[in-house]
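J.: Structure for this input, please:
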Amino acid sequence: MKSRSLKLREAHKVGGSAASFCSILWDHKAEHFVTSSSSDPSISVHDGLSPSTLPPTILRHHQDGVTALALSHDSSFLASGSIDHCVKLYKFPSGEFQTNITRFTLPIRVLAFNGSGSLLAAAGDDEGIKLINTFDGSIVRVLKGHKGPVTGLDFHPNGELLASLDSTGSVLCWELQNGIVSYTLKGVGPDTGFNTSIVNILRWSPDGRTLAVPGLRNDVVMYDRFTGEKLFALRGDHLESICYLTWAPNGKYIATSGLDKQVLLWDVEKKQDIDRQKFEERICCMAWKPNGNALSVIDVKGKYGIWESLVPSSMISPTVGIPDIQPKKRNEILDFDEEIEEELYGASESLNDALVDSDDGESYHTSRKRLRKKTFIDDDGDAYEELNDGSSLPSASEYRKKTLRTHKEKHGAGSGAFKSFVATIKYKMQSPFQPGATPMEPGKRTFLCYNMLGCITTIEHEGNSRIETDFHDTGRSPRVSSMIDIYGFTMASINESGCVFANPCKGEKNMSVLMYRPFRSWASNSEWTMRFEGEEVKVVATGSDWVAAVTSLNLLRIFSEGGLQKHIISLDGPVVTAIGCKDQLAVVTHVSDCLPSNEQVMEFRLFNIPRMTQELKGRVALTPGSRLTWLGFSEEGSLSSYDSEGVLRVFTSQYGGSWIPVFSTSKEKKQEENYWVVGLNTTSLYCIACKHPEIFPQVTPKPILTILDLALPLASSDLGAASLENELMLKQLRLYETQRIVDDMALAGVDTTALEDEAFDLEVSQDKCILRLISSCCSSDSFVRASELMKLLTLEKSMRAAITLVTKLKLPFLAEKFSSILEERLLKEANEAITNPSQNPSGEVVTRVESKVQNPPASIQTSANTEAFLKSSATKLSSTTLEKKAKVSEGLKLGKEQTKKDETEDATKKEIKKLNLIKNPVNNVNKEGKGLRKEVNQEEARRSSNPFLKSTV
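T.: Predicted coordinates:
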């Protein structure tokens, strides 16, 4: 392979030794090409047929160097960006100035039109990528996510995606319909730093299947359009990083320029370079001739040239087999009322720019601004009141007429151009989703359902799909054979009894199908199906002996396990998701359209299916601007949710019913991971960690379950004991819910012994945590906080241990305060026992706190009046509500030993133990600590190491 030389001619003058970023591009007919330089405020339009003989047309409208150029697909408009922060629009090829379409606060670095020419993307040193409607100049959306200046933009050939690249080498692929990031490639390209003459560039292939990005090893890396996975790399004789690349019209070849001042031509299919050119200066921009075998180049000194016949004649011409991908029609993506969510953004720059240009003698063309779908503000800054008082909006035609009428009135009054305008915005409501399901991908196995019990997967095979059901604990669960899916199911739900499937409508003739498949049945042919005509199943759920489906008609349909249609309920709004657990069914629906701040407004309803009752109803708490991504029940049966910002919440009856955030990914150290939630219990979150930017797990290889500790999003405390505070809050939450269940069961006449034992163990564990927090408070001199914690202790023995602790730490004033708190507790509970004697009909003396002891030390001695009062009222104390706490003083361990002797002998022993507690407080604390540690070790030994053994749907 020989190296040839190419003669360049000057288009723009760059003085001295400085390097500038220069641009060059062709129109779609190859009749003209355009050049610019960041050192020159002018733009040159050259004749493509005879560039050396005919002088170029010069466009002089910018005040500073031009850093970016873009031509619409049909070459009817030219856009330019500059260091002067302006983006201007011209007619092409005449060069007639149209308008300042937008303005930034910092220099612009890159521009790009979509295929239909309806959108112009602009970005630079400012934060965010502006998407501009070229028809009326309005700001459609601002895409934010990059950490550095954006230097590369490219629309996908079909116009549905936008790829962006910043100076740090990170790639973001945006879905334009909803404005979200499809995937992120962090740090895959070179870091150009603050050198504005070097830009990171990226390009979609002409067929739209791959995205080419300069790599970190002097190569070009190809990434998959859908997943962002690396496909292959082109690595050859570049000695330094690649700074520009461009595809041939048919996508069979690609040209790359590097910092080593070489331009290489590659055969993409063979993955090898076939020709090269060496230049005196670095080539900073290139463009293929759209209808010929030629490549135009321009270097950092503003000199350009055309490399003719670069592809050898023995190879396929770069103009043969050009893909024919039709982009979206003009404004088809920009249906402001239905198709796309708009970003609320102060877009007054383009009108302000018009005022600036009028000062320079340039014409102000209002024709391109006549259809702004905005609310104009008058000179006093007052917007239309009828659009802000909550009344209904006028129709589109009425609105346009009113806007134009106001426009004419203002111009008739001589007020000139408008000062600013604000957008009327309508965000889209979140689409329905099935919990535990992943998006369908052709040729790949996907999850129809994944929960703590098992998973259901599907893969397309010879026109049909093959569904497999697997359980995590194969020893306890039935073995389910695979199934051939002829319906094309896209959602499923599974529990211990069976699984339910559903598919969306396919065309006008195909109906939505619901199918239930039991795992065990005494009868043959126990599977059943339901078909829906005129409605589509959106979400399915299963529970104990029931199946539920929510449809597009906002109907909740409930079936028995055998297929009997039992109930049909009309919901208040479109469904978002639903989940079942035993007798309970939770359904989330939209309440209204999104708020102007892009916040979803959702409501949940919790049904008890066998009882036909609604147990709970309320709003769904979400992080502002986020979406609901998971809904489920904890192992203890608490309704839980997870949003796209990584916040896990649990619904509790505290404060009349509230969502408590128990986990946030912002507190995790591994920011490069996304967590796909599977389930949770009172202490842990079970999830699958997906490497950023993936948000869904792969079926193969089998994903590994990650267990994370729950951690509330606490503020940074001066105490330095965040882990203990987190532990205490979680224990308080669990204890509250357990006691609530005990009360409900007691009212229903159900035996509550087991739950009462669990609540007592929780109180013991909570007291241990509080004692450790008291120790931390004493170490940091937070004595008021320590006294507040003392009041939270439940057991008298724990309170005495706290007094012994502060005494040992030589804090007598705090010990005295703690003693007064204990005295108040004794008096309060004695009063309660006297005022409620009916709770102890047998007359037995069983107290929540330990009885008085003789001659206690001064630090814990109660008053004579209190002692006398306790003696006179001891026989009247309640036993029903306090019997659990008597267990504390009946052994060395907290609440673990039961009395085995008669009451007289037990009372004697208790008096002896109390005397020992007072005489040797330090030794007793040590023994108590050992007993507590022993209990913890025994409790941990009883826990299962397999999180799937205790599963819930």
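
J.: Surely Gly251 is in contact with Ser205?
T.: Yes - at 4.7 Å, Gly251 and Ser205 qualify as touching, with contact defined as CB atoms under 8 Å. The way it works is simple: take the backbone N, C-alpha and C, and place the C-beta from them, glycine included.

J.: just the CA coordinates of stretch 9-20, formatted as PDB?
T.: C-alpha atoms of stretch 9-20 as PDB (Å, rounded to 0.1, in the frame of the first residue of the first chain):
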ATOM      1  CA  ARG A   9      -5.400  25.200  -1.100                       C
ATOM      2  CA  GLU A  10      -6.200  27.900   1.400                       C
ATOM      3  CA  ALA A  11      -9.900  28.500   2.300                       C
ATOM      4  CA  HIS A  12      -9.400  30.400   5.600                       C
ATOM      5  CA  LYS A  13      -6.400  32.100   7.000                       C
ATOM      6  CA  VAL A  14      -5.100  30.900  10.400                       C
ATOM      7  CA  GLY A  15      -2.300  33.100  11.700                       C
ATOM      8  CA  GLY A  16       0.900  32.100  13.500                       C
ATOM      9  CA  SER A  17       1.400  28.600  14.800                       C
ATOM     10  CA  ALA A  18      -2.000  28.300  16.300                       C
ATOM     11  CA  ALA A  19      -4.300  25.500  15.300                       C
ATOM     12  CA  SER A  20      -7.900  26.000  14.600                       C
END
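
J.: Please identify the buried residues of that stretch?
T.: By neighbour count with 16 or more other CB atoms under 10 Å, stretch 9-20 contains the buried residues 11-12, 14, 19-20.

J.: got the contact list for the host helix or strand of Ile467?
T.: For Ile467, the element it lies in under DSSP states H and E is strand 464-471. Strand 464-471 is touched from outside by 448, 453-459, 477-478, 480, 482-486, 488-489, 492, 494, 499, 501, with contacts defined as CB atoms under 8 Å, 6 or more residues apart in numbering.

J.: if you skip the residues just before and after it, what's nearest to Leu622?
T.: Leaving aside its chain neighbours, Leu622 sits nearest to Asp643 (5.0 Å; criterion: CB to CB, 6 or more residues apart in numbering).

J.: close enough to count as contact, Asp709 and Thr683?
T.: Yes - using CB under 8 Å, Asp709 is in contact with Thr683, at 6.7 Å.

J.: Contacts only, for the residue nearest to Leu622.
T.: Taking CB under 8 Å, 6+ apart, we find Asp643 in contact with 622-623, 626-629, 649.

J.: Of those, which belong to strands?
T.: The strands in this structure, assigned by DSSP state E, contain 628-629, 649 from the contacts of Asp643.

J.: Out of the residues you listed, which is nearest to Ile316?
T.: Thr629 (46.5 Å; CB to CB).

J.: burial of the closest one, as a residue count?
T.: Per other CB atoms under 10 Å, the neighbour tally for Thr629 reads 19.

J.: Next one: it from Leu685, what distance?
T.: 14 Å (CB to CB, to the nearest Å).

J.: So for those two, which residues contact both of them?
T.: The contact lists of Thr629 and Leu685 share Val677, where a contact means CB under 8 Å, 6+ apart.

J.: tell me the two of the contacts of Asp643 that are most distant?
T.: Greatest spatial distance among the contacts of Asp643 (CB to CB): Arg627 and Arg649, at 13.9 Å.

J.: Comparing the two, which shows the higher neighbour count?
T.: Using other CB under 10 Å as the criterion, Arg627 and Arg649 rank with Arg649 on top: 21 against 18.

J.: which one is that one nearest to, not counting chain neighbours?
T.: That would be Trp659: by CB to CB, 6+ apart, it lies 4.3 Å from Arg649.

J.: which other helices and strands contact whichever strand or helix holds Thr738?
T.: For Thr738, the enclosing helix or strand under DSSP H and E is helix 722-747. Judged by 3 or more CB pairs under 8 Å, 6 or more residues apart in numbering; DSSP states H and E, the packing partners of helix 722-747 are strand 647-652, strand 658-664, helix 753-779.
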